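[1] Show me the folded form of this:
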Amino acid sequence: MPLLDIRVPAVLLRIDRNPFHHGTLGAVRSLGRAGVEVHLVADSSGSPVHRSRYVRRMHPPPPPGASAEDIVAVLHRVAGHLPSPAVLVPLDDASAIAAARMRDALAPSYLLPAMPGALAERVADKAELAAVCASAAVPHPVTLIPDGPDRAVADVHRLGLPVVAKWSRPWLLPAGAGLRSTQLVRSARQARELYLRTEEAGSRLLLQEYLPPGPDRDWFFHGYADRSGTLRAGGTGRKQLAWPRGAGLTAVGRWTPNPQVRALAERLTGELGYRGVLDLDFRRCGTTGRYHLLDFNPRPGAQFRLFADSAGLDVVRALHLDLTQRPFPDGSAAAGRAFVVENYAPLTALRPARDGRELAWYARDDRGPGWAMWALWGRHVSGRLRDRLVTPKAAPAAPAPLLIPRAASPSLTDNEKASS
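    Alright, predicted model coming up:
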């Protein structure tokens, strides 16, 4: 008997237009290799993913900023091409939130975990996450939500520099506005200026205690909470290299058992009654040794394929198994296994991996996306270099920023970034 019920197709949904989202390719390959018919609702212009042999059909996605009702309308049109109800796999926050909120409207065309409709939005909202962690006794960096520009300055005084600035609902940020979901703030003036862009950003500004990065401090947990709430598949991983350095996405990750991180994940999901795929990011405080939850993503993380066990189970396959009421196989963890994103860590990708490794783009059985990625990446990098070579116009000197030092704070380099 095959691992998955191949009579039930899968629809993968991503609204974000990032052509280098390797997690999308990982989900396509995971289900396609198991014999599942895979339909991808995502932008195909220039994306290497459409070159995968495992994509049965590409469908145009809803535009960024689409309403939940518009997303449902797109999915219903896709369902008209399917022979039976499909497992829906949201791959970014906006699609995960819409799918959870509109679960009843999507039935019976789609199978989705039975999770409270507002929960996905609550955990993805970085302002709400602080309260969620407090209620579950899960450590979280001190987080303040200013209600005006003067309060933003006062909050910087309270936290001490540097501080991390986050928009609570980053999926609402308008494209091309130059606003980043997370950044490191080094002056009170910078915090004030960010607050003044709140209406443009579409959600609240958060100022958060800065936990410096360091060796063995960045961890993540991927899992699938089944219908009973039991965490299946996945595991704990250590971020060995990030892009940008010090934060950002996982360029090199390693499956590393960590009972403390797993216990925090189990406590949090149990308290919330969470159901479905989840991706949690933690940072260990260098002073206290406590693991602080930084982000809760209610969908597969981009590096979820790191946690493919000896039975071939990962969180996306676990989702399909659970929703089609198939038994879970008995597999063992492949501790030490690595996951490498080649375009961010090319030298690591060339080195031998003693405990096993999966590359984000290259695969012997599916070479098309890897070749397409390198062609696209080359154009992307050359474009960035051209932009840097353009001499900017001289700007008038700005007044010196108001600096508020943090007591006993380690010196910071230009390469350090805000925690993601």
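[2] Name all residues that make contact with the most centrally placed residue in the chain.
    For the chain, residue 301 is the residue whose C-alpha lies nearest the centre (C-alpha atoms, centre = their mean; 4.7 Å). By C-beta atoms under 8 Å, 6 or more residues apart in numbering, the contact set of residue 301 is 23, 220, 222, 250, 279. To be clear about C-beta, it is placed using only N, CA and C from the backbone, and glycine gets the same treatment.
[3] who does the longest strand along the chain pair up with?
    For the chain, the longest strand by residue count, based on DSSP state E, is strand 231-243. Sheet pairing of strand 231-243 (DSSP bridges) gives strand 218-225 (antiparallel), strand 249-255 (antiparallel).
[4] Quick check: next helix or strand after the last one?
    Of the helices and strands lying after strand 249-255 in sequence (DSSP states H and E), the nearest is helix 259-272.
[5] before we move on, the earlier item: let me see the mean pLDDT of the longest strand of the chain.
    Mean per-residue pLDDT for strand 231-243: 95.
[6] excluding its backbone neighbours, what's nearest residue 129?
    residue 296 (5.7 Å; C-beta to C-beta, 6 or more residues apart in numbering).
[7] quick one: the one you found is in a strand?
    Yes. Membership of residue 296 in a strand is supported by DSSP: H, G, I helix; E, B strand; the rest coil.
[8] what sits opposite it in the beta ladder?
    residue 280.
[9] what's around residue 289, how many residues?
    Using other C-beta atoms under 10 Å, residue 289 has 8 neighbouring residues.
[10] I should have written residue 215 there, sorry.
    Neighbours of residue 215 (other C-beta under 10 Å): 8.
[11] and if you look at residue 37?
    Neighbour number of residue 37 under other C-beta under 10 Å is 20.
[12] and it, what does it touch?
    Counted by C-beta under 8 Å, 6+ apart, residue 37 has contacts 6, 9, 10, 56.
[13] Residue 185 now?
    Residue 185 neighbours (C-beta under 8 Å, 6+ apart): 156, 161, 162, 163, 164, 165, 191, 194, 207.
[14] What residues does residue 253 make contact with?
    220, 237, 238, 239, 240, 303, 306, 338, 339.
[15] Run through the bridge partners of it.
    Here residue 253, judged by DSSP bridges, has bridge partners residue 239, residue 339.
[16] Kindly provide the distance from it to residue 79.
    35 Å (C-beta to C-beta, to the nearest Å).
[17] now swap in residue 327 and tell me
    Residue 327 is 27 Å from residue 79, by C-beta to C-beta.
[18] And residue 98, by the same measure?
    Applying C-beta to C-beta to residue 98 and residue 79 gives a distance of 15 Å.
[19] can you tell me the helix or strand for the nearest residue to residue 233 once chain neighbours are set aside?
    Spatially, and ignoring its direct neighbours in sequence, residue 233 is nearest to residue 318 (4.0 Å; C-beta to C-beta, 6+ apart). Using DSSP H and E, residue 318 falls within helix 315-323.
[20] How about residue 65?
    Going by DSSP H and E, residue 65 is not in any helix or strand.
[21] Could you double-check that it sits in contact with residue 169?
    No. With contact defined as C-beta atoms under 8 Å, residue 65 does not reach residue 169; the gap is 11.7 Å.
[22] Show me whatever sits in contact with both of those two.
    Contacts common to residue 65 and residue 169, judged by C-beta under 8 Å, 6+ apart, are absent.
[23] neighbour count winner among the two?
    Using other C-beta under 10 Å, the more surrounded residue of residue 65 and residue 169 is residue 169, with 21 against 14.
[24] Quick one: residues contacting residue 367.
    Per C-beta under 8 Å, 6+ apart, neighbours of residue 367: none.
[25] Relative to residue 331, how far out is it?
    From residue 367 to residue 331 the distance is 27 Å (C-beta to C-beta).
[26] So what's the residue count around the nearest residue to residue 19 once chain neighbours are set aside?
    What sits nearest to residue 19 in space, not counting adjacent residues and going by C-beta to C-beta, 6+ apart, is residue 47, at 4.4 Å. When neighbours are counted by other C-beta under 10 Å, residue 47 registers 23.
[27] the longest helix in the chain is where?
    If you go by DSSP state H, the chain has its longest helix at helix 368-389.
[28] Okay, buried residues for it please.
    369, 370, 372, 373, 374, 376, 377 (16 or more other C-beta atoms under 10 Å).
[29] Which two of those have the greatest separation?
    Largest separation among the buried residues of helix 368-389 by C-beta to C-beta: 369 and 377, giving 11.7 Å.
[30] tell me the secondary structure for the nearest residue to residue 342 once chain neighbours are set aside?
    Excluding the flanking residues, the one nearest residue 342 by C-beta to C-beta, 6+ apart is residue 349, at 4.4 Å. Under three-state DSSP, residue 349 falls in the helix class.
[31] does residue 349 really touch residue 370, like I thought?
    No. Applying C-beta under 8 Å as the test, residue 349 and residue 370 come out as separate, 10.6 Å apart.
[32] circling back to that earlier point, so what's the residue count around the residue nearest to residue 233?
    23.
[33] what does residue 18 give?
    Count around residue 18 with other C-beta under 10 Å applied: 14.
[34] next one: residue 118
    12.
[35] Hmm, residue 101 and it touching each other?
    Yes. Under the criterion of C-beta under 8 Å, residue 118 makes contact with residue 101 at 7.2 Å.
[36] so where's the protein uncertain?
    246-247, 391-420 (pLDDT under 70).
[37] Let's see that with 80 instead.
    1, 44-46, 117, 245-247, 390-420 (pLDDT under 80).
[38] Check the contacts of residue 253 and tell me the two furthest apart.
    Maximum distance among the contacts of residue 253 (C-beta to C-beta): 13.7 Å, for 220 and 338.
[39] ok, the two, which is more surrounded?
    The neighbour count for residue 220 versus residue 338, taken as other C-beta under 10 Å, is higher for residue 220 (27 against 22).
[40] Torsion angles phi and psi at residue 62?
    phi -70, psi 160 (degrees, to the nearest 10).
[41] Looks like it contacts residue 72 (just checking).
    No. Between residue 62 and residue 72 there is no contact under C-beta under 8 Å: 9.2 Å.
[42] distance of residue 123 from residue 18?
    Residue 123 is 21 Å from residue 18, by C-beta to C-beta.
[43] Same question for residue 253.
    19 Å.
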